[in-house]
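J.: A predicted structure for the sequence below; I have some questions about it.
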Amino acid sequence: MSTFVASNPKTDSMANLSDLKNKVKNIPEFSDSNYTIAGYVVAALITVAGLFLIYETLSTDALTFKANWNMFKSPLGSLCLVIGFIWAMLWWGKFTHWSATPVVETRDGYSGRVIDRKEDFDITNQLFAKVLMPILGHFVIEPIIYAAIIYYPIQCIIAVVGAIFPYILTLIVLAIIAGAWLFTHEVKIRYRSALLIACGVLFTVAFGVGGYAIMNSEPGSTIQMLADTSGAQAGNREVPTTDEQAGDIQPSDDSQPAEEMSAEEEETDDQFEGAGEGGLLGSLPEGTTVFEGDMAGFPIEFTITKSDNSGSVTGRYKNVKYGTTMKLDGESLPAMGGDISFYGNDKGTQWTFSLSGNAENISGTAQSGDGKEMKVTLKRK
């Protein structure tokens with residue numbers, strides 16, 4: 001004969017809660033002396049990881065970003081225009097009616113005083129004043145005005161925050177480090193040992209992972225893409241795509257095909273022999289040299305790193321205005337007389353920088369894969 005015992009949900013719940021409390025009571029606690037030692041260890045780990053994050057934050061520009069003041073080249077600006085259009089429809093006529101009555105004035109030929117005013121019934125003037133202007137005003141001008149009212153305060157905030165963001169992050173990390181040293185030993189709550197270990201692991205891992213991510217990131221790429229919200233500026237580097245953006249600089253018409261190299265120049269054994277004895281490469285000191293200048297109207301910073309005189313160098317292009325960059329590999333063959341050619345890739349577009357000069361002043365051209373050529377001038381920073 002079987003016996004069935006009905007369970008009581010309330011009793012079972014209380015039993016489960018009691019078991020949980022018993023498990024929590026069994027969490028080990030450090031003694032006072034051991035807790036003090038553990039507090040110093042945790043504070044030291046947080047300090048090391050935090051200083052690593054601070055160093056990477058202040059020594060690179062991966063966390064800097066700037067405002068995009070061109071509303072018409074930003075997806076955020078497009079969104080604001082949509083909002084402005086809706087706003088203009090809801091506030092129809094509250095800004096102005098835009099419609100006007102064309103008037104013809106008759107003036108005195110001697111004094112210029114108006115002696116007669118009457119409506120102009122010319123069909124063109126009537127259509128412009130009473131049809132075209134209201135359409136343009138309500139559907140174009142007002143949405144742009146309302147969009148600007150939304151967009152530019154946001155960009156002002158981005159400009160301010162973008163300039164001080166690394167320093168704000170540094171102050172927050174320093175405050176957490178100071179708190180780990182000053183207040184860890186003052187905690188008197190229950191289960192403080194578990195809380196100490198949890199906070200130590202959390203902040204150490206967060207600071208370490210954050211610093212490592214910044215160290216391996218492209219300068220100015222991640223946050224700039226979020227702040228800029230512009231397709232042309234969210235990649236590694238802004239590339240002018242129209243003649244107007246590029247300063248109306250057209251590809252050179254006097255470019256000549258490269259002459260055939262002599263048999264001696266084609267010998268690979270002597271390819272790099274004496275490559276750095278003269279010209280731009282020979283004048284550059286070993287190490288990293290930073291130049292600043294202009295490329296088709298854009299302020300740029302160009303960094304060249306030379307390790308020896310073999311002819312192999314590396315570089316980095318940076319758009320100063322937007323903080324976007326592109327890594328470059330360079331070479332200088334004997335036939336180039338010390339001039340350097342740099343090669344890079346930006347969002348699938350190949351770029352070639354042909355530079356000559358000396359360690360103080362450099363000039364040359366930048367040519368994209370589609371044939372657009374722009375003048376480059378640089379001066380040592």
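T.: Good, I have the coordinates.
J.: CA only for contacts and neighbour counts going forward, please
T.: Noted.
J.: can you pull the pLDDT of Asp122?
T.: The confidence metric pLDDT takes the value 85 at Asp122.
J.: which parts of the stretch 251-381 of the chain are strands?
T.: Secondary structure of the stretch 251-381 of the chain by DSSP state E, counting those that start in this stretch: the strands cover 287-295, 298-306, 312-319, 324-331, 340-346, 349-357, 361-368, 373-380.
J.: can you lay out the ones you listed as TSV showing mean neighbour count and mean pLDDT?
T.: Listed next are the strands of the stretch 251-381 of the chain as TSV, based on neighbours: other C-alpha atoms under 10 Å; pLDDT from 0 to 100:
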stretch	mean neighbour count	mean pLDDT
strand 287-295	17	90
strand 298-306	20	90
strand 312-319	20	89
strand 324-331	21	88
strand 340-346	20	90
strand 349-357	18	90
strand 361-368	18	92
strand 373-380	20	91
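J.: of all these, which one is nearest Glu119?
T.: Among these, the nearest to Glu119 by C-alpha to C-alpha is strand 298-306 (51.2 Å).
J.: which other helices and strands contact the closest one?
T.: With contacts taken as 3 or more C-alpha pairs under 8 Å, 6 or more residues apart in numbering; DSSP states H and E, strand 298-306 sits against strand 287-295, strand 312-319.
J.: could you dump those to CSV with distance to Ile164?
T.: Below are these laid out as CSV (distance: least, C-alpha to C-alpha, whole Å):
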stretch, distance to Ile164
strand 287-295, 23
strand 312-319, 19
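J.: which stretch among the strands of the stretch 251-381 of the chain comes nearest Asp108?
T.: Here strand 298-306 is closest among the strands of the stretch 251-381 of the chain (C-alpha to C-alpha), at 53.8 Å.
J.: which residues sit against the closest one?
T.: Residues outside strand 298-306 that contact it (C-alpha atoms under 8 Å, 6 or more residues apart in numbering) are 284-294, 312-321, 378.
J.: not counting sequence-adjacent ones, nearest residue to Glu301?
T.: Nearest non-adjacent residue to Glu301, counting by C-alpha to C-alpha, 6 or more residues apart in numbering: Glu292, 4.4 Å away.
J.: that neighbour pairs with what?
T.: With DSSP bridges as the criterion, Glu292 is bridged to Glu301, Lys379.
J.: got a list of what it touches?
T.: Pro299, Ile300, Glu301, Phe302, Leu378, Lys379, Arg380, Lys381.
J.: ok, the last one to Val104 distance?
T.: According to C-alpha to C-alpha, to the nearest Å, Lys381 stands 62 Å off from Val104.
J.: please apply the same query to the first one.
T.: In this structure, Pro299 and Val104 are 51 Å apart, going by C-alpha to C-alpha.
J.: again with Thr170
T.: Thr170 sits 67 Å away from Val104, going by C-alpha to C-alpha.
J.: what number of residues lie near Ile157?
T.: Per other C-alpha atoms under 10 Å, the neighbour tally for Ile157 reads 12.
J.: tell me the bridge partners for Gln114.
T.: One correction, residue 114 is Val, not Gln. Applying DSSP bridges, one finds that Val114 bridges with Arg107.
J.: could you measure from Arg192 over to Ala180?
T.: Arg192 sits 13 Å away from Ala180, going by C-alpha to C-alpha.
J.: before we move on, what about Tyr151?
T.: 41 Å.
J.: now do Asn125
T.: The value you get for Asn125 to Ala180, if C-alpha to C-alpha is used, is 76 Å.
J.: same question, Arg190
T.: 18 Å.
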